[in-house]
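A.B. asks: Dropping a prediction and its sequence here:
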Amino acid sequence: MLFSRSQRRNPAYRQGFMEMLTVAPGIAAWGLMTGVAMAKSGMSTPDVLAMAILVFAGSSQLAAIPLLAAGAPLWVILATAFCVNLRFVVFSAHLRNYLMHLPRMQRLMVGYFVADLTYFLFTKRYPVPGTTDQERADQMSYLAGNATINWLSWTGCSVLGIVLANYIPAAWGLAFAGVLALTGILCSLATSRMRVLSAFMGAVVAIMAYALPLKLNILVAIGVSVVLCLVLESYLAPSPREA
């Protein structure tokens, strides 16, 4: 199990828990806003509750909800969710060496719990994978503590938003709080010129293509950003002779 008793007793568990706790209010506001949006999308209560618990990916939920409500084709919904969550392929590739000592089912469980800030805080705390049993145990305990508060903040408030959707006024500005939470994540991950360029181009293309139906501007923006960065990375990479 990811959250075993031995992990909870490890001091690294508390470290991970407390570091994520500092950003938990933003995650909670975003989760509450997403829960309200899901409840008001026209989907049934059992469906939105299942989505809140099983689909631990806020940005793809927010992207898919209006498409579901508009009756968009299934391929558009799946393609949108896939593109919005494409960053997790990069996260998993980076985390591979940290997790390969774990059994497959445990790796799958870790994959479910890893989110943007979980990944960011974990890799910031541990730039390289552990090489000894104790180092690996500390890293997994930190990740478990980090993921615990992240999952509780998001999922708990998503369910709360679904239950209280009819009682939460728009004047609370939860949508703006969600934007602020996403902006914080974006700024924390923009740690290189290529990432800044990718974010900038994605924003520009998304605005330019805003008139496209079914929020296809999101797919276009992601596609342009990915292709541009791949081309630039290939162009700027040193040749074998230079290396």
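C.D. replies: Alright, I've got the coordinates.
A.B. asks: Look up which helix or strand the closest residue to F56 other than its chain neighbours falls in, please.
C.D. replies: Nearest residue to F56 in three dimensions, chain neighbours excluded: Y112, at 6.1 Å (C-beta to C-beta, 6 or more residues apart in numbering). For the C-beta atoms, the positions are set from N, CA and C on the backbone; glycine is no exception. Using DSSP states H and E, Y112 sits in helix 104-113.
A.B. asks: which helices and strands does that helix pack with?
C.D. replies: Of the remaining helices and strands, those touching helix 104-113 by 3 or more C-beta pairs under 8 Å, 6 or more residues apart in numbering; DSSP states H and E are helix 87-99, helix 133-163.
A.B. asks: Format these as CSV; extra columns: mean neighbour count.
C.D. replies: Rendered in CSV, the data for the helices and strands packed on helix 104-113 read as follows (neighbours: other C-beta atoms under 10 Å):
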stretch, mean neighbour count
helix 87-99, 14
helix 133-163, 21
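A.B. asks: To A24, which of those helices lies closest?
C.D. replies: Go through these one by one with C-beta to C-beta and the one that ends up closest to A24 is helix 133-163, at 4.4 Å.
A.B. asks: Just want the angle from the closest one to helix 104-113.
C.D. replies: 50 degrees (axes from the mean of the first three to the mean of the last three C-alpha atoms, to 10 degrees).
A.B. asks: same for helix 133-163, what does it pack against?
C.D. replies: Other elements packing on helix 133-163 under the criterion 3+ C-beta pairs under 8 Å, 6+ apart are helix 5-9, helix 11-21, helix 24-39, helix 45-54, helix 104-113, helix 116-125.
A.B. asks: Quick check: which of those helices is buried the most?
C.D. replies: helix 24-39 (a mean of 24; mean count of other C-beta atoms under 10 Å).
A.B. asks: Quick one: mean pLDDT for it?
C.D. replies: Per-region confidence: helix 24-39 scores 85 on mean pLDDT.
A.B. asks: CA atoms of that helix as CSV?
C.D. replies: Once side chains and other backbone atoms are set aside, the C-alpha atoms of helix 24-39 remain, and they are given as CSV (Å, rounded to 0.1, in the frame of the first residue of the first chain):
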residue,chain,number,x,y,z
ALA,A,24,-3.8,23.1,0.1
PRO,A,25,-6.2,26.1,0.4
GLY,A,26,-5.8,26.9,-3.3
ILE,A,27,-6.3,23.3,-4.3
ALA,A,28,-9.4,23.1,-2.1
ALA,A,29,-10.9,26.2,-3.7
TRP,A,30,-10.2,24.8,-7.2
GLY,A,31,-11.7,21.5,-6.2
LEU,A,32,-14.8,23.1,-4.7
MET,A,33,-15.3,25.2,-7.9
THR,A,34,-14.9,22.1,-10.0
GLY,A,35,-17.4,20.2,-7.9
VAL,A,36,-20.0,23.0,-8.4
ALA,A,37,-19.3,23.1,-12.1
MET,A,38,-19.8,19.3,-12.4
ALA,A,39,-23.1,19.4,-10.4
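A.B. asks: ok now that helix, how far from the chain's centre?
C.D. replies: 13 Å (C-alpha atoms, centre = their mean, to the nearest Å).
A.B. asks: what's the answer for stretch 98-118, then?
C.D. replies: The offset between the C-alpha centroid of stretch 98-118 and the centroid of the whole chain comes to 14 Å, using C-alpha atoms, centre = their mean.
A.B. asks: Between the two ends of it, how far is it?
C.D. replies: Counting by C-alpha to C-alpha, to the nearest Å, you get 14 Å between the two ends of stretch 98-118.
A.B. asks: what's in contact with that stretch?
C.D. replies: Residues external to stretch 98-118 that are found in contact with it (C-beta atoms under 8 Å, 6 or more residues apart in numbering): 1-2, 20, 23, 27, 56-57, 87-88, 91-92, 95, 122, 126, 129-130, 136, 139-140, 143, 146-147, 150-151, 154, 185, 188-189.
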